[in-house]
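> After the sequence you'll find the predicted model.
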Amino acid sequence: METTVIPVGEAMTTEIKKYGAMARRAFLAGGLAAPGMLLMPGAASAQGFRLRRLNLINAHTGDRFDDAYWEKGRYIPDALEEIDWLLRDVRADAVARMDRSLLDILSSLTFLLQPRHPFVILSGYRTPRTNRMLRRENHGVAEHSMHIVARAVDICCEGVRLSDLRRAAERLKAGGVGYYPESGFVHVDTGPIRYW
């Protein structure tokens, strides 16, 4: 399955380097570090902007990933395979190539929120069949879900309030953000910017 990969622009990476820790502190205080500054997926990195890391755990399988997936301007193929496996449709045991921009969003959320625990993946890729089954069980599941095209994850994180996770995802302005406090997760995708 092919997905669109959107590289982080060099100008935005330079802007984030310039404001780095100040941007994170300002975000946590409720504002942006500089007028008009937009934090883009993957532009921020905890390792001097040379490394992008993720710390993930699959809620259904216990599979974990805690490592770099991007280094020195390149994605790391072995790491991407591990992440794709972790984010697979566990009901169908089907793996898809996840949108790399989605990983960059998760990396930016990690940079902004500095969680002590991994992001818990409740849902990543879904086959159309799995999505239809979930729609029959729950009317809140979209017929044309971004999960089907490997461009969405449903996440939570121990020690991070869902409202803070939602706010951080919305401030990135990098795609869709759904807030499901009753179900205990935030949906993040690389589709058009929209909030629900």
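All right, it came through fine.
> contacts and neighbour counts: CA atoms only from here.
Fine.
> Geometric centre of this structure: which residue is closest?
When the chain is reduced to its mean C-alpha position, the closest residue under C-alpha atoms, centre = their mean turns out to be residue 106, at 3.0 Å.
> doesn't that one fall inside a helix?
Yes: if the criterion is DSSP: H, G, I helix; E, B strand; the rest coil, then residue 106 is within a helix.
> Touching, it and residue 53? I think so.
No: using C-alpha atoms under 8 Å as the test, residue 106 is too far from residue 53 to be in contact (9.1 Å).
> most distant residue from the middle of this structure?
Using C-alpha atoms, centre = their mean, the residue of the chain lying farthest from its centre is residue 136. It sits 26.3 Å away.
> Report how many residues lie close to residue 57.
With neighbours defined by other C-alpha atoms under 10 Å, the count for residue 57 comes to 23.
> contacting residues around it?
With contacts defined as C-alpha atoms under 8 Å, 6 or more residues apart in numbering, the neighbours of residue 57 are 63, 64, 65, 86, 118, 119, 120, 121.
> Check these and tell me the two furthest apart.
Across those, no pair lies farther apart than 86 and 118, at 12.9 Å, counting by C-alpha to C-alpha.
> Neighbour count for the two, which is higher?
Applying other C-alpha under 10 Å to residue 86 and residue 118 shows that residue 86 carries more neighbours, namely 24 against 20.
> can you tell me which residues contact the more buried one?
57, 58, 63, 64, 65.
> how about a cut-off of 7 Å?
For residue 86, the contact set (C-alpha atoms under 7 Å, 6 or more residues apart in numbering) comprises 58, 63.
> Let me know the distance separating it from residue 122.
Counting by C-alpha to C-alpha, to the nearest Å, the gap between residue 86 and residue 122 amounts to 11 Å.
> intersection of neighbour lists for those two?
Going by C-alpha under 7 Å, 6+ apart, residues that sit against residue 86 and also against residue 122 are residue 58.
> that older thread, mind checking which helix or strand the residue farthest from the centre of the chain is in?
Residue 136 belongs to helix 128-137 when elements are defined using DSSP states H and E.
> same thing with residue 68?
Using DSSP H and E, residue 68 falls in strand 64-71.
> Mind giving me the packing neighbours of the very next helix or strand once past that strand?
Towards the C-terminus, the helix or strand next in line after strand 64-71, according to DSSP H and E, is strand 74-75. Taking 3 or more C-alpha pairs under 7 Å, 6 or more residues apart in numbering; DSSP states H and E as the contact definition, strand 74-75 has no neighbouring helices or strands.
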